[in-house]
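Trainee: I would like to see how this sequence folds:
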Amino acid sequence: MKKLQELTKEINELTLRIEQEYPELYKYLDETPVTIPCCEHPELTVKTFSDYLDSLKNLLQNHIETHKKENNERVS
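Mentor: As a prediction, the model looks like this:
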């Protein structure tokens, strides 16, 4: 399992990529349910960070696939 520091680095890199390459998606990151704590003092664990990283990856992948389909439909 990855360390918290590695996960934080990956999250930062992916967030920066989204900000630079997909600004239309970046503005919605604050609204991602994974970032909203469920309680006053949430426990920040390796699993929490790993889940958040996975959610970012899925969000980006879904965005890329969706827009690829839309672009292909416009071209056809």
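Trainee: Can you list the helices and strands that the longest helix anywhere in the chain packs against?
Mentor: In the chain, taking DSSP state H as the definition, the longest helix is helix 46-75. Where contact means 3 or more C-beta pairs under 8 Å, 6 or more residues apart in numbering; DSSP states H and E, helix 46-75 is packed against helix 4-21, helix 23-26. For the C-beta atoms, the positions are set from N, CA and C on the backbone; glycine is no exception.
Trainee: Sort out which residues of the last one are buried, please.
Mentor: Applying a neighbour-count criterion of 16 or more other C-beta atoms under 10 Å, the buried positions in helix 23-26 are residue 25.
Trainee: can I get the CA coordinates of it in CSV?
Mentor: What follows is helix 23-26 as a C-alpha-only set of coordinates in CSV (Å, rounded to 0.1, in the frame of the first residue of the first chain):
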residue,chain,number,x,y,z
PRO,A,23,-10.3,23.7,-16.5
GLU,A,24,-14.0,23.0,-17.3
LEU,A,25,-13.7,20.0,-14.9
TYR,A,26,-11.5,21.7,-12.3
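Trainee: How about residues contacting it?
Mentor: 15, 18-19, 59-60, 63 (C-beta atoms under 8 Å, 6 or more residues apart in numbering).
Trainee: Dump those residues to JSON lines, plus pLDDT and distance to residue 7.
Mentor: As requested, the contacts of helix 23-26 are exported to JSON lines (pLDDT from 0 to 100; distance: C-beta to C-beta, whole Å):
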{"residue": "15", "pLDDT": "94", "distance to residue 7": "12"}
{"residue": "18", "pLDDT": "95", "distance to residue 7": "16"}
{"residue": "19", "pLDDT": "94", "distance to residue 7": "18"}
{"residue": "59", "pLDDT": "93", "distance to residue 7": "16"}
{"residue": "60", "pLDDT": "95", "distance to residue 7": "16"}
{"residue": "63", "pLDDT": "93", "distance to residue 7": "21"}
